[in-house]
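Colleague: this one's sequence-less:
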């Protein structure tokens, strides 16, 4: 079955969402059975196989209270010990040794997981969209090392939605035709994103958003936002950048009213807006992990919940829900449980639910996570459409490609 | 998708769920305090794990939760380990009788759970805490005591009145959430109740390749023994002056040298001091005598009794903090290993100490999302109350999914074997350990002689 994929240091597998990519990689590493219910013959020459999936927070073992311990458990007796120690130094993992792995950022967790899996010196390592939150620079460090043959006993299989950004990889292999995922039937009811649909969302009064000497410190914690002044114009696109911990998500929480600023004001059209008393009214916030922002038992209810809670007229809620379900390719899943869907779909449902609220300002954190190239392009068109209707949109994304695609002004936090 | 997985149930799935159950217990505290709600909800993880994975898993979840809360947040909780175990036991029996299949069954189970919890807690509250906890329900206890009730009766009655409401709410919430998560996720856990075999077929390097880890500080066995002897000594002590002396001369300096004085002072300020004030008011003024004398006959002895209980708590809390908080994170695994915790229990213990911060983080994110999506139109008490089930469901689903994915990972990488095969040699000075045990033995003997 894998004859075409053998004998290479790194095989990059190309294929869109639902092409059987994940299933193929899980099959190869012994996590799934083939159509006859058998585990396929291992192609790893008896050296074990490891799989790193897109839900990177669950790829942390949970058995080590510190990063150092996590590495220790995996690296005992490793053939790659020296190489990995060098690599961890370069990736900055050595500086995180005393941290609890579960509290690291997504990018840091991805690098740690990879280092740990390599510590086992596996015969085969499958990496399934696990690098999306790793910075481009660090990702290049990783792939170039792999391609240089630093880990000679391991065959790498890499599948990623952002393969087009991997300039260092020249050649990709398509998914073999005869791969059929066991739940193919179910996936047929999922449609691609459709950016052509005119979203029935509008705003009466577009509003500029001003941060007026905003100041915030966590109780007994870091002073994250210091005297921040900023004006954002409606109908524009912005990207928010800055290192981990610089306060991107804290700012988002202040704007949508989860946190209350210690000092300063948020102004809409120069008028003071009390976000704290009206959480989620004027600024909508969609964040990275979709699992933590889904609350209903049916996809349809999930999307209708936001506008419903804000006393939007029932007919209007229906129209919005219908259009968003179509645009996000979810029409065939109305009665399904949102939390039972695959990661890619959970992400789409959460996005649709945020848009449904019709807030004049939107903050979208990693909207393209898990989405393939075509879907990311469709998302870009949707964001453009919203922006042309007068919505102000702030995007946070690790993907340089996606950021360059948006014609957006960059807001860089951490430079004062 | 999860239901497509062909895997037979594994032992690792059950092991992976327990630390997450502990995390659930602890993160609900976060939710409740972030929403500023007047309820406790500290047992939902225990109830869910017991229903899904059976008695032993439930008991482990219950016991370890009390230990971790004691070691990290508030060192009085370990006193309630018997209560937590009783709750797991009762939940298991109720589940086996099918009580959680109907609404009325669940309510009845909740009331039963409340009574069991009240009855088991009562002797602990009486003998360790002098009759009251620093909560609102102490008013009722005080009233009963001033009316001339026996202290154990008064505490029993108070517990039986207050506990069922809280426990019924927890039972209903747990069952509602279990019923509303995707059934395909639950199926995996139901099957895992059967005999489990590891299905891993990866051929990893043999387990002889293990790392030698050395602990540098005090020998873990000495640490554990000294703690145990020290605590027994405190409960034997019945002289306030001696306890004050031990607190000032031993506990406080040790806390300062190990860098946990701040945490110790915070415990005293937030837990012991309020309780002390309430106890003085209760025994010195409202009742006017210690429990073994007639009400109003000896206020001075009442105050003495209140101070004795308070300083006992301060010293025991200090010992507990010294024992656990001064273990470097990197030495947790070897400490547990030296305490004789092996195999599955070692996995569960280390997992429990590792994962709970993650669930607290998730709980915060879920609340953020709920606000950010405009699903809380205002911040009134009733609105915040109604959020509870909706916040609990994603947290539970997240935990189940994490358990499934982690157990897969453990099997694939043979991590459980690896952790089990690490040898933990000790290469520190044995002198400090011997000194520690010596001092605690002297302390025990002094108190035994006094009796």
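Modeller: Perfect, thanks for sending it. This one's a predicted model, so the numbers in the text were calculated from it and none came from an experiment.

Colleague: Identify the residues contacting residue B:380.
Modeller: By C-beta atoms under 8 Å, 6 or more residues apart in numbering or on different chains, the contact list for residue B:380 is empty. Backbone N, C-alpha and C define where each C-beta goes, glycine included.

Colleague: Any stretches of the stretch 1-150 of chain A with poor pLDDT?
Modeller: Filtered on pLDDT under 70, the stretch 1-150 of chain A yields the residue ranges A:1-8, A:37-46.

Colleague: for whatever residue of it ends up closest to chain B, phi and psi?
Modeller: The stretch 1-150 of chain A approaches chain B most closely through residue A:77 (3.0 Å), counting by C-beta to the nearest C-beta. Backbone torsions of residue A:77, given as degrees, to the nearest 10, read phi 70, psi 20.

Colleague: who in the stretch 201-350 of chain A is up against chain B?
Modeller: Taking C-beta under 8 Å from any C-beta of the partner chain as the contact definition, the stretch 201-350 of chain A meets chain B at A:252-253, A:256-258, A:277, A:279-281, A:284-287, A:289, A:291-295, A:297, A:305-306, A:309-311, A:337, A:339-342.

Colleague: ok, residue A:24 touching residue A:176?
Modeller: Yes. Counting by C-beta atoms under 8 Å, residue A:24 touches residue A:176, with 7.5 Å between them.

Colleague: contacting residues around residue A:331?
Modeller: Counting by C-beta under 8 Å, 6+ apart, residue A:331 touches A:191, A:325.

Colleague: Can you check the pLDDT for it?
Modeller: Looking at residue A:331, its pLDDT reads 91.

Colleague: Quick check: it vs chain B, distance?
Modeller: Using C-beta to the nearest C-beta, to the nearest Å, we find residue A:331 at a distance of 19 Å from chain B.

Colleague: domains of the chain?
Modeller: Just so you know, I chose chain A. A:3-186, A:209-412 (automatic domain parsing).

Colleague: my bad, the chain I had in mind was chain B
Modeller: Split by automatic domain parsing, chain B gives B:2-208+B:341-413, B:218-326+B:431-450.

Colleague: rank those domains by pLDDT, which is bottom?
Modeller: Taking the mean pLDDT of the domains of chain B, domain B:2-208+B:341-413 comes last: a mean of 83.

Colleague: interface residues of the stretch 51-200 of chain A facing chain B?
Modeller: Going by C-beta under 8 Å from any C-beta, the residues of the stretch 51-200 of chain A near chain B are A:51, A:53, A:55, A:57-59, A:61-66, A:68-69, A:72-77, A:98, A:100-103, A:117, A:120-122, A:181-183, A:186.

Colleague: So which of those are in strands?
Modeller: Judged by DSSP state E, those include residue A:51 as members of strands.

Colleague: do you know how far residue B:185 is from residue B:38?
Modeller: Taking C-beta to C-beta, to the nearest Å as the criterion, residue B:185 is separated from residue B:38 by 32 Å.

Colleague: Counting neighbours, go ahead and name the busier of these two.
Modeller: More crowded of residue B:185 and residue B:38, by other C-beta atoms under 10 Å in any protein chain shown: residue B:185, with 20 against 8.

Colleague: before we move on, the earlier item: between residue A:24 and residue A:176, which is the more surrounded one?
Modeller: A side-by-side neighbour count of residue A:24 and residue A:176, using other C-beta under 10 Å, places residue A:24 first with 24 against 15.

Colleague: In which helix or strand does the more buried one reside?
Modeller: helix A:21-28 (DSSP states H and E).

Colleague: do that helix and chain B meet at all?
Modeller: No. Judged by C-beta under 8 Å from any C-beta, helix A:21-28 and chain B are separated, with a smallest distance of 8.5 Å.

Colleague: Give the buried residues for that helix.
Modeller: Neighbour-count burial for helix A:21-28 flags A:21, A:22, A:23, A:24, A:25, A:26, A:27, A:28 (criterion: 16 or more other C-beta atoms under 10 Å in any protein chain shown).

Colleague: and what of stretch A:111-118?
Modeller: Quick answer for stretch A:111-118 (16+ other C-beta under 10 Å): A:111, A:112, A:113, A:114, A:115, A:116, A:117, A:118.
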